[in-house]
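J.: Here you go, sequence then predicted model.
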Amino acid sequence: MTRDRFDRTRSAGYLANHMARLFAQRLHERIRPLGLAPAQFMTLLELWDEDGLTQRDLVDRLDVEQATMANTLARMERDGLIERRAHEADARAKTIHLTRRARDLRGPAEAAAREVNAMAMEGMEAAERERFVVAIGKAVEGLKVGAQTDR
């Protein structure tokens, strides 16, 4: 009996994981001189869009574990990127706010991310780029829905 061999070159999961690792490596190379790590950059993207989120908000938006977010925020606070303030409505919660340093990093950090995206899609035509991004978005949504139904 012959078994079908797993073909990683045709596996969406394998390729997405490999691509994500390469994206993270290239992004890290470009944002390291800014004093940022990829997890900090992802957190900043959310805070640049909406300053004053709670740790719980960030966990939900970034699909990360509570402990991972707590560690990321602790490093960001240590590095002078964020400050925590008392939540107006919930005495147990803190809101996360950007410092001037973090706001000033937005332009250079986003430019670095655009460079990495351009590098990844260099060999694609505009229509292929659009289809690629739409397809990845659909895959992400499918996995989110699948995770919710597993609970």
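T.: Looks like it arrived, so ask away.

J.: now this protein, which segments are flagged as low pLDDT?
T.: For the chain, applying pLDDT under 70 flags the ranges 1-3, 146-151.

J.: Let me see the ranges of the strands in it.
T.: Secondary structure of the chain (DSSP state E): strands at 53-54, 82-86, 94-98.

J.: Tell me how far residue 120 lies from residue 133.
T.: 11 Å (C-beta to C-beta, to the nearest Å). Using the backbone N, CA and C atoms, a C-beta is placed for each residue, glycine as well.

J.: Of the two, give the one with the bigger neighbour count.
T.: residue 120 (15 against 12; other C-beta atoms under 10 Å).

J.: how about that one, what does it touch?
T.: Going by C-beta atoms under 8 Å, 6 or more residues apart in numbering, residue 120 touches 19, 22, 23, 26.

J.: Tell me how this structure divides into domains.
T.: Per automatic domain parsing, the structural domains of the chain span 31-120, 125-151.

J.: doesn't residue 89 make contact with residue 95?
T.: No - assessed by C-beta atoms under 8 Å, residue 95 is found out of contact with residue 89, at 10.0 Å.

J.: Neighbour count for these two, which is higher?
T.: Per other C-beta under 10 Å, whichever of residue 95 and residue 89 has more neighbours is residue 95, with 18 against 5.

J.: Can you tell me, leaving aside adjacent residues, what's nearest to the more buried one?
T.: Nearest non-adjacent residue to residue 95, counting by C-beta to C-beta, 6 or more residues apart in numbering: residue 52, 4.6 Å away.

J.: Might one say that that neighbour is in contact with residue 97?
T.: Yes - contact criterion C-beta under 8 Å: residue 52 and residue 97 qualify, at 5.7 Å.

J.: shared neighbours, the two?
T.: Residues touching both residue 52 and residue 97 by C-beta under 8 Å, 6+ apart: residue 85.

J.: hmm, back to that, could you export the domains of the chain to CSV, including columns for distance to residue 8?
T.: Listed next are the domains of the chain as CSV, based on distance: least, C-beta to C-beta, whole Å:
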stretch, distance to residue 8
domain 31-120, 19
domain 125-151, 17
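
J.: Need the winner for burial among these.
T.: domain 31-120 (a mean of 15; mean count of other C-beta atoms under 10 Å).

J.: what's the nearest residue to the spatially most central residue of the chain if we skip its chain neighbours?
T.: For the chain, the residue nearest the mean C-alpha position is residue 42 (3.8 Å; C-alpha atoms, centre = their mean). Spatial nearest neighbour of residue 42, chain neighbours left out: residue 62 (5.7 Å); criterion: C-beta to C-beta, 6+ apart.

J.: Nothing else from me, thank you.
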